[in-house]
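# just the structure for this:
(one chain, ligands or ions: 2)
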Amino acid sequence: MKNANVFAALRAAFPAALDAVAVECADGHGLSYSWRDIERATAMMANLLASLDLPPGSRIAVQTEKSVEALMLYLAVLRAGYVFLPLNTAYQAAEIEYFIANAEPAVVVCAGKNFGWVSKIAFKAGTQNVFTLNEDRTGTLLDRAAAMSDQHQPAIKRADELAAILYTSGTTGRSKGAMLSHGNLLSNAQTLKDYWGWRPGDVLIHALPIFHVHGLFVASHGALLNGSKMIWFSRFDPRAVIARFSEATVFMGVPTLYVRMLGEAALTQAACKSMRLFIAGSAPLLLETFKDWQTRTGHTILERYGMSETVMLTSNPYRAEDGDRLGGTVGFALPGVGVRVRDEQGRDCGHEEIGNIEVSGPNVFSGYWRMPEKTKEEFTADGWFKTGDVGKRDARGYFTIVGRSKDLIISGGYNVYPAEIEGYINEMAGIAESAVIGLPHPDFGEGAVAVVVAKPGAQLDGEAIIAALKSKIANFKIPKKVFVVAELPRNTMGKVLKNQLREQHKTLFA
Ligand code: MLC
Ligand code: AMP
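Ligands and ions are numbered 1, 2, ... in the order given. Alright, predicted model coming up:
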């Protein structure tokens, strides 16, 4: 059987010169890691995992700051044949408790400073192994791995075996773990390598977090599968990133990163001279940003569209002969990926007709972890995944996302589910009900805002609500503003008219 292990495929692409630099850290210590370092460290970590005698299919949950060691841990989990479960560093105790109870990981890796509360949650859920990994390359994970052999044969995996679980918040407030297989990840990585014309000599600037699809799969796999060096930023810093463009060829970012770089005087055509490709995604790129970038740098951003459940789905063309990169669109269905637009009755929409976007292909996940009913609801009878995005296709095949049928806010590339935040607000004393909406925001694209109604006789203070939320949920989910109102607008069915609220407050962040 051919080994479909993603790590094995990435490793096969490592350059012959194993001492060449694979990752150069741009911030802090300025360390460089060779391909040999990646080979050895992932072998040692994989041997550590193997030494724990974990059952097949064990989940390895990881909440650590971005570091090269954290990337190596991801690769080591694949190498050892287990299932990687990345967690946003902003998640707090209640959020982590849910993920760990739901996924029942055999191993949890966290920052040393969080060991106290994370290990308590993990041990309660039956996890037997909790390691630490810190930004400064210390922690029990590395201590234990240091004693292991640096030889390790990558586990043999079938394409349909699980490689990762990515939690995406649910419209009902409950997070769902999207199960991605080795085949899902590898097929997409190979498609993108060809479609985006990765070539020898490419250098990627990696400035995204590595706990979501964009930074973990699209960016990292792209560079590794091409044997390309990465210039590694553990945090996005617009000025510092621009200063390294002269040594790089490829950059990937959510729209907020482009908006912030446009705010820097150092962003010029000269600064981008060596760059080959700028890619944007995870949230809508405003036409204004697309055009400003063209004017300032001479480069046309390539916008693409994807999801945690499917990795990448569509992309604007890289090669001029395939067409222009059209701002405001997310381009064509990627080779091998099926993308269709259907109306509420399940009929195919004609060109330019708006409908629900459904997708199929080797990249599409198999379902949500331990949620067969939810999984069934999200797939059509003929096996296509309902994205929850609303869009259209033109006669040439370009797709445009015009909205979402799911009640979702995308803020700075992170998903914020109103139902989840409303749940937390509604639990607070004195709250009768609430509605969380997304409003246009110059930096984050959309900013979350809450509109709340007090119980009779209760006095509410928006700032106090924000302060109370801060101790419970990830910071990017916190509403930037809370309005206290007498009542929420509703239609005759009693449904809150969020459109009306959005319209009423649309200039809040202008
Ligand atoms: C930070 N803050 C945010 C925020 N990020 N608020 C709303 N939305 C966000 N995304 C707030 C914090 O709560 C804090 O508020 C203040 O900003 C400073 O926090 P910070 O951590 O210092 O912020 P910063 O480093 O500036 O982060 C901004 C950012 C980051 C844009 C660099 O959000 C980011 O890396 N986004 C990328 C997300 C991503 O990779 N998405 C891909 C998903 S994959 P306060 O009040 O506490 O001061 C996917 C599929 C696909 O969607 O297609 O790719
Ligand atoms: P996530 O669940 O975090 O993977 O987010 C996936 C969602 O991000 C998609 O369903 C879309 O709503 C949105 N998205 C990703 N890329 C784009 C894009 N280029 N334009 C508009 N929305 C996008």
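# does Ala189 count as helix, strand or coil?
helix (DSSP: H, G, I helix; E, B strand; the rest coil).
# distance from stretch 384-403 to the middle of the chain?
20 Å (Cα atoms, centre = their mean, to the nearest Å).
# quick one: strands adjacent to the host helix or strand of Pro440?
Using DSSP states H and E, Pro440 maps to strand 431-441. Paired neighbours of strand 431-441 in the sheet (DSSP bridges): strand 445-454 (antiparallel).
# so does the strand it pairs with get close to ligand 2?
No. If you take Cβ under 6 Å from any ligand atom as the test, strand 445-454 misses ligand 2, and the best it gets is 9.3 Å. Heads up, the C-betas are built off the backbone N, CA and C, glycines and all.
# please renumber the chain so that the first residue is 33 from this point on.
Happy to do that; since the first residue is 33 now, the last one works out to strand 477-486.
# ok, the residue positioned nearest the centre of the chain - contacts?
Central residue of the chain (Cα atoms, centre = their mean): His244, 2.7 Å from the mean position. His244 is in contact with 118, 120, 198, 314, 340, 445-446, counting by Cβ atoms under 8 Å, 6 or more residues apart in numbering.
# with Ser151 instead?
So, once contact is read as Cβ under 8 Å, 6+ apart, Ser151 ends up touching 140, 142, 162.
# residues near the closest residue to the second one other than its chain neighbours, how many?
By the measure of Cβ to Cβ, 6 or more residues apart in numbering, the closest residue to Cys142 outside its immediate chain neighbours is Val150, 4.1 Å from it. By the other Cβ atoms under 10 Å criterion, the neighbourhood of Val150 contains 24 residues.
# ok, Thr361 next?
Around Thr361 there are 24 residues (other Cβ under 10 Å).
# which helix or strand contains it?
Counting by DSSP H and E, Thr361 is part of no helix or strand.
# ok, it touching Glu335?
Yes. The pair Thr361 and Glu335 passes the contact test of Cβ atoms under 8 Å, sitting 7.2 Å apart.
# which neighbours do the two have in common?
Asn348.
# that older thread, out of the contacts of His244, who's the most crowded?
Most surrounded of these: other Cβ under 10 Å gives Ser314, at 27 neighbours.
# OK, contacts around that residue?
Per Cβ under 8 Å, 6+ apart, neighbours of Ser314: 244-246, 286-287, 338, 442, 445.
# now for the residue in the stretch 133-282 of the chain that ligand 2 sits nearest to, how many residues are close by?
Residue of the stretch 133-282 of the chain nearest ligand 2, by Cβ to the nearest ligand atom: Thr200 (4.4 Å). By other Cβ under 10 Å, the residues close to Thr200 number 17.
# quick check: Ala499 is in a strand.
No. Applying three-state DSSP, one finds Ala499 to be helix, outside a strand.
# distance of it from ligand 1?
Ala499 sits 11 Å away from ligand 1, going by Cβ to the nearest ligand atom, to the nearest Å.
# which SS state does the nearest residue to His238 once chain neighbours are set aside fall under?
Once flanking residues are discounted, His238 sits nearest to Met262: 4.6 Å by Cβ to Cβ, 6+ apart. At Met262 the chain is in strand, as set by three-state DSSP.
# and Met262, what does it touch?
Met262 touches 54-56, 235-238, 252, 255, counting by Cβ under 8 Å, 6+ apart.
# make TSV out of those residues and add neighbour count and distance to Thr419.
Listed next are the contacts of Met262 as TSV, based on neighbours: other Cβ atoms under 10 Å; distance: Cβ to Cβ, whole Å:
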residue	neighbour count	distance to Thr419
Ala54	24	34
Val55	24	33
Glu56	17	36
Val235	20	33
Leu236	24	27
Ile237	26	29
His238	25	26
Ser252	24	23
Ala255	25	27
